[in-house]
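Novice: Pasting a predicted model and its sequence here:
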Amino acid sequence: MRSADLLDQFDSFAGVAKIAPRPLLMIAGTEAVTRGFSEKAVADSPGNAELFLVEGATHVDLYDRDQYVTPAAAKLTEFFSKHLA
């Protein structure tokens, strides 16, 4: 039960400012209920942050629906090619 309590209190976005100056890419669907978390992470990042929106996708659509995964994977390839070269 203790770990469930700790998990409920965990905020994965609390330290987003510590990522800078490293590049940050957030990918979200335009229909995702969780989109606001990605928008806030990019807004709170003091450095090189980018939000890529996949038109029409929900949060879960980005897991395994080719029409949404394909543009997200292409963006990841572009992002990593640019920043890890």
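Specialist: Everything's here; your move.
Novice: Could I get the full set of helices for this protein?
Specialist: Read by DSSP state H, the chain holds these helices, from start to end of the chain: 2-9, 35-44, 61-64, 66-83.
Novice: elements contacting the last one?
Specialist: Based on contacts counted as 3 or more C-beta pairs under 8 Å, 6 or more residues apart in numbering; DSSP states H and E, the elements that helix 66-83 packs against are strand 24-29, strand 49-54, helix 61-64. (Glycine included, C-beta is placed from N, CA and C.)
Novice: Make a markdown table from these and add distance to residue 70, mean pLDDT and mean neighbour count to it.
Specialist: Listed next are the helices and strands packed on helix 66-83 as a markdown table, based on distance: least, C-beta to C-beta, whole Å; pLDDT from 0 to 100; neighbours: other C-beta atoms under 10 Å:
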| stretch | distance to residue 70 | mean pLDDT | mean neighbour count |
| --- | --- | --- | --- |
| strand 24-29 | 12 | 97 | 20 |
| strand 49-54 | 9 | 97 | 18 |
| helix 61-64 | 11 | 96 | 13 |
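Novice: got the ones you listed as TSV, with distance to residue 13 columns?
Specialist: As requested, these are exported to TSV (distance: least, C-beta to C-beta, whole Å):
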stretch	distance to residue 13
strand 24-29	10
strand 49-54	12
helix 61-64	18
